[in-house]
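A.B. asks: Sequence isn't available, so here's the structure alone:
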């Protein structure tokens with residue numbers, strides 16, 4: 001392809017990473033059942049994300065890291081596994097659907113968002129949205145298991161968009177976020193109505209902290225058992 005090696009360049013490292021800064025809004029061209037697997041073959045229209053594209057490169061579609069299997073002119077094709085269809089809102093796409101698109105980031109480039117893996121944790125549901133001046137607020141309900149990773153002022157990726165959490169409710173299992181005027185014009189989230197589904201990826205750093213603390217807590221428990229056991 002003439003698109004060659006330009007653009008962001010190939011990402012450095014064993015896995016693709018993203019920033020959550022959507023590069024363009026693409027459109028679904030075709031969605032077909034894959035006769036070789038129980039998954040789906042998805043063809044999309046895009047321009048910016050195909051600058052520097054090559055077969056096997058990664059592109060985030062609504063926050064889902066997918067591998068390009070074919071591309072030509074302004075269209076590219078990716079495969080979606082049954083597991084991805086179950087855990088994301090990708091199964092709701094139809095020809096004409098708008099999607100957020102982002103190329104994998106070069107590791108030596110700037111990151112104006114946060115570290116986004118493209119590994120969606122689950123689907124959230126928009127339960128309320130409202131305008132406040134030029135800002136647009138959303139309240140999203142998520143599975144309770146995800147709330148331990150969602151904190152006020154923390155990062156979260158919604159349909160692949162890097163955003164900041166505003167408020168949270170552990171009891172109600174919801175959180176809110178806000179879109180400034182500029183962001184509203186460059187992502188698909190404003191089109192979501194009450195009941196709409198959004199892909200949720202929590203900040204991976206919170207998972208690393210949880211894993212590290214689990215190890216620390218286990219050592220403390222063993223130490224306490226040893227100390228109090230010897231006193232007995």
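C.D. replies: All right, it came through fine. For clarity, every value in this text was computed on a predicted model and none was experimentally measured. Residues are numbered from 1 along each chain as shown.
A.B. asks: Relative to residue 51, how far out is residue 93?
C.D. replies: Counting by CB to CB, to the nearest Å, the gap between residue 93 and residue 51 amounts to 23 Å. Quick note: C-beta positions are derived from backbone N, CA and C, even for glycine.
A.B. asks: Just want to know which of those two has more residues nearby.
C.D. replies: Set residue 93 next to residue 51 and count neighbours by other CB atoms under 10 Å: residue 93 wins out with 20 against 15.
A.B. asks: quick one: secondary structure of the closest residue to the more buried one other than its chain neighbours?
C.D. replies: Nearest non-adjacent residue to residue 93, counting by CB to CB, 6 or more residues apart in numbering: residue 28, 5.1 Å away. Secondary structure, DSSP: H, G, I helix; E, B strand; the rest coil: residue 28 is strand.
A.B. asks: For residue 28, which residues are in contact?
C.D. replies: Residues near residue 28 by CB atoms under 8 Å, 6 or more residues apart in numbering: 42, 43, 44, 45, 93, 94, 95, 96, 97, 98, 99.
A.B. asks: Please read off the pLDDT at it from the model.
C.D. replies: At residue 28, the model reports a pLDDT of 98.
A.B. asks: Tell me where this protein is predicted with low confidence.
C.D. replies: Applying pLDDT under 70 to the chain picks out residues 1-15, 107-111, 113, 208, 217, 229-232.
A.B. asks: Do a quick rundown of the strands in it.
C.D. replies: Applying DSSP state E to the chain gives strands spanning 24-33, 40-45, 58-61, 64-72, 75-80, 98-103, 122-132, 135-141, 155-158, 161-169, 174-179, 197-202.
A.B. asks: Would you agree residue 58 is in contact with residue 66?
C.D. replies: Yes. If you go by CB atoms under 8 Å, residue 58 and residue 66 touch, sitting 6.9 Å apart.
A.B. asks: For these two, list the residues in contact with both.
C.D. replies: Between them, residue 58 and residue 66 share these contacting residues under CB under 8 Å, 6+ apart: residue 118.
A.B. asks: which ones are touching residue 116?
C.D. replies: Residue 116 makes contacts with 17, 18, 19, 20, 60, 63, 157, 160, 162, 201, as judged by CB under 8 Å, 6+ apart.
A.B. asks: now do 6 Å
C.D. replies: Taking CB atoms under 6 Å, 6 or more residues apart in numbering, we find residue 116 in contact with 18, 20, 157.
A.B. asks: Repeat that for residue 128.
C.D. replies: Residue 128 touches residue 139, counting by CB under 6 Å, 6+ apart.
A.B. asks: Done for today, thanks.
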